[in-house]
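**Q** predicted model follows, preceded by the sequence.
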Amino acid sequence: MAKAKVLKFYFDFLSPYSYLAFQNCRNLIQKYPQRVAPALKPVFLPALLKIWGQKGPAEIPHKRKAMYHDLLRYSKFHRLPFCIPPRHPFNPLLPLRLSLCLEGEDRILLCSEFFDYCWGKGLDISDTGVAIQVLEKCRFDHKKMIKLADSREVKDLLKMETEKAAEAGVFGVPTMILDGELFWGNDQFVYLERSFQGDPVIDPEEMFRWDERIEKAYSLSGLGSTK
């Protein structure tokens with residue numbers, strides 16, 4: 001049997017598209033249980049945007065409205081529960097740090113519940129009381145977990161994971177990386193699955209040639225280079 005491929009999934013609970021992409025990621029894992037090795041990578045989106053000098057989509061009024069219209073259409077079409085939390089943007093640090101306290105299947109379970117509570121039920125997962133409800137539902141020791149999430153070790157780990165994501169080329173969430181190829185956005189799973197099956201829509205050599213053309217066109221624009 002072929003060795004399972006590692007699928008890195010970069011996300012922030014702050015992002016509703018991360019919620020949708022998590023469902024697609026889970027579907028892919030269920031479809032290929034022996035061939036996909038998921039690696040969930042929590043990152044702090046505001047810090048990631050700051051690294052790249054970007055604004056969040058919710059900070060631009062017309063983009064915020066269009067984004068939510070798109071989210072509502074997608075969730076209705078795919079019959080997914082979707083609710084807006086009481087405040088958005090909210091501070092996602094507590095659930096992100098809690099997710100970093102766990103690994104493997106335990107992290108997947110906790111993240112699944114946080115996404116469901118936030119975007120499926122519309123609850124404020126930045127609230128400690130709600131976070132404790134999630135931990136108790138997953139049967140984790142909430143006292144131990146809350147204490148660990150508040151430790152300098154875990155706080156530094158989230159900062160480091162966010163910086164490492166930027167170094168890997170991640171500029172937004174959700175982002176998936178498979179075999180070194182970056183796929184950004186919830187709409188990428190059809191292409192991601194083709195690559196996973198060994199039948200990419202564009203082969204690596206052609207993609208490399210396109211990268212060279214893009215860099216050349218950008219450099220000739222007078223705006224500089226992305227390298």
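**A** Noted; the coordinates are in hand.
**Q** next, Leu98: secondary structure please.
**A** Assigned with DSSP: H, G, I helix; E, B strand; the rest coil, Leu98 falls in the helix class.
**Q** isn't it right up against Glu113?
**A** No - Leu98 is not in contact with Glu113 according to CB atoms under 8 Å; the separation is 10.5 Å. Every C-beta, even on glycine, is put in place using the N, C-alpha and C of the backbone.
**Q** so which of the two has more stuff around it?
**A** Leu98 (26 against 19; other CB atoms under 10 Å).
**Q** what's the distance between that one and Phe114?
**A** 8 Å (CB to CB, to the nearest Å).
**Q** now Glu163
**A** Remark: distance between Glu163 and Phe114 (CB to CB) = 22 Å.
**Q** and those two? Which one has more around it.
**A** More neighbours surround Phe114 than the other of Glu163 and Phe114, with 27 against 15 (other CB under 10 Å).
**Q** okay, helices next: where are they in this structure?
**A** Ranges of helices within the chain are 16-31, 45-52, 61-77, 93-100, 104-115, 128-137, 142-149, 152-167, 189-196, 204-220, based on DSSP state H.
**Q** just put the ones you listed in JSON lines and tack on distance to Leu182.
**A** Output for those, formatted as JSON lines (distance: least, CB to CB, whole Å):
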{"stretch": "helix 16-31", "distance to Leu182": "14"}
{"stretch": "helix 45-52", "distance to Leu182": "14"}
{"stretch": "helix 61-77", "distance to Leu182": "21"}
{"stretch": "helix 93-100", "distance to Leu182": "21"}
{"stretch": "helix 104-115", "distance to Leu182": "21"}
{"stretch": "helix 128-137", "distance to Leu182": "30"}
{"stretch": "helix 142-149", "distance to Leu182": "29"}
{"stretch": "helix 152-167", "distance to Leu182": "11"}
{"stretch": "helix 189-196", "distance to Leu182": "10"}
{"stretch": "helix 204-220", "distance to Leu182": "11"}
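**Q** much appreciated, bye for now.
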